[in-house]
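1. missing the sequence, but the structure's below:
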């Protein structure tokens, strides 16, 4: 049996690992096609030619929720500490560097907001309870604003929940409900981010590199700079089977035959598709799926096959799925020193600092240093993002989407009342991501395929755009769980996929949540 993975993101890497570890498949029989030079998909992080660093984002982890991810990483040795697994390394790091934010929200007067109260009215509480108790069938493809009134979106809770998970009021009510249930035990500590765990470095260095290295030792074949442009199918006893893959490697076309008994795993869609980077003086280029062709294959294979999902539900409204991030490389310690003094948090312990009254709705996070394996000792790196980058800034008279890195730093200094001179040796790399929250777009249940659709014999979907009951997208866990479910089903593996921990069924969690909601 041969196995082919389309896309080199964490879903494919995890799927290949599960095939080898739990399915007994030889690594020599596994091929991963990736159109980019680097593997890892959205879990990226790189040093640019000028010495500045860039990462599009970083997903937060929790020890209480990521059952499949920890199951996977418990089998992968750390690159720096080979006697430890990546799981053990990450747990040890977080025991030493505990998260407890002391400046979660900052207002327009540079005061740290009092977040000991969620700010709910009784009307807010009743509406939120009504949404949480509604069935997904009743919620359908409705938006959050269909269930919650305007005052709710001015509460401390919404500012913290929204910026922790990147929700917008127009996003899917179903997705918000799933988050409220899946992360209910985070509700009582949302202001401190006490449940958040981070990897020892950025997630490319901490997860992708050791996972890739392990797969390479198993002789998995990686084919980079190669895009799968089409699949051919055949009817097979009432189901469809992939029979071949069309490839494009730098304009050179070829076809790979998929034999009887072979398997294909497809990373359909991408939240970081059509991303682009700017510079200190220039904003990122405005790209779309027409430039990247990142959604083409899913659109082709889903046409006329309802079981394969509906990509148009997710990629048709960039203004509703877009936000921008930025990575700052500091060659002077003054900014980190002043931020640590202002927040009361050492770098790596505070999580997000959100400027709640900013037009851009800007947040930043200071990581534990170094954040990259090759980072010089005299360099510090932090990351930020804005949920409203098309609005005019408070201190820069243009939208973030039209700003270069220097202007973004000027806006940040304005909110902190810092002297802009602290950034005279810094580099700020803005990043535009037109589909970054496309997974949150309102959708019907049928718009996302199952990891293994009922009509499929040898094709599985492993991405943020599949349907997994009760779990939440925009997490590493979702891609890993989809891969594990797909591998186990297609290979009929008897080992159970780790169950989703239902904190929302815990009496203690319910009591703590009610106490915080009524504080």
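-> Here it is on my side, so go on. Since the model is a prediction, treat every value here as computed from it, not as a measurement.
2. pretty sure residue 422 is in contact with residue 334, am I right?
-> Yes - the pair residue 422 / residue 334 is scored as a contact, 4.3 Å apart, by CB atoms under 8 Å. C-betas here are computed from N, CA, C, even on glycine.
3. and the least confident helix or strand in the chain by mean pLDDT, how far from the chain's centre?
-> Using mean pLDDT, DSSP states H and E, helix 507-517 stands out as the lowest-scoring helix or strand of the chain, at a mean of 87. Distance, stretch centre to chain centre, for helix 507-517: 28 Å (CA atoms, centre = their mean, to the nearest Å).
4. looking at residue 422 and residue 334, which one has more neighbours?
-> For residue 422 and residue 334, the more surrounded residue by other CB atoms under 10 Å is residue 422, and the numbers stand at 20 against 16.
5. how near is the more buried one to residue 409?
-> Using CB to CB, to the nearest Å, one obtains 9 Å as the distance from residue 422 to residue 409.
6. related to what we said a few turns ago, mind listing what's buried along the least confident helix or strand of the chain?
-> By 16 or more other CB atoms under 10 Å, the buried positions in helix 507-517 come out as 509, 512-513, 516-517.
7. okay, the residues you listed in CSV with distance to residue 35 next?
-> Formatted as CSV, the buried residues of helix 507-517 follow (distance: CB to CB, whole Å):
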residue, distance to residue 35
509, 42
512, 46
513, 43
516, 45
517, 46
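8. of those residues, closest to residue 143?
-> residue 517 (22.4 Å; CB to CB).
9. the closest one and residue 118 touch, don't they?
-> Yes - using CB under 8 Å, residue 517 is in contact with residue 118, at 6.3 Å.
10. could you find the closest non-adjacent residue to residue 398?
-> residue 392 (6.2 Å; CB to CB, 6 or more residues apart in numbering).
11. show me what that neighbour is bridged to.
-> Per DSSP bridges, residues listed as beta-bridge partners of residue 392: residue 399.
12. ok, it touching residue 399?
-> Yes - if you go by CB under 8 Å, residue 392 and residue 399 touch, sitting 5.8 Å apart.
13. so those two - more neighbours on which side?
-> A count of neighbours by other CB under 10 Å puts residue 399 above the other of residue 392 and residue 399, at 18 against 13.
14. which residues sit in contact with that one?
-> 360, 389-393 (CB atoms under 8 Å, 6 or more residues apart in numbering).
15. narrow the residues you listed to those that are buried.
-> Buried among the contacts of residue 399 by 16+ other CB under 10 Å: 360, 389, 391, 393.
16. how about those in TSV, adding pLDDT and distance to residue 325?
-> Converted to TSV, the buried ones among the contacts of residue 399 look like this (pLDDT from 0 to 100; distance: CB to CB, whole Å):
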residue	pLDDT	distance to residue 325
360	98	11
389	98	9
391	98	16
393	98	16
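17. of all the residues you listed, which two lie farthest apart?
-> Across the buried ones among the contacts of residue 399 (CB to CB), the longest gap, 9.5 Å, separates 389 and 393.
18. next one, pLDDT for residue 63 please.
-> Residue 63 carries a pLDDT value of 65.
19. for the one 5 residues further on, same thing?
-> At residue 68 the predicted local distance difference test score is 97.
20. distance of it from residue 205?
-> In terms of CB to CB, residue 68 sits 21 Å off from residue 205.
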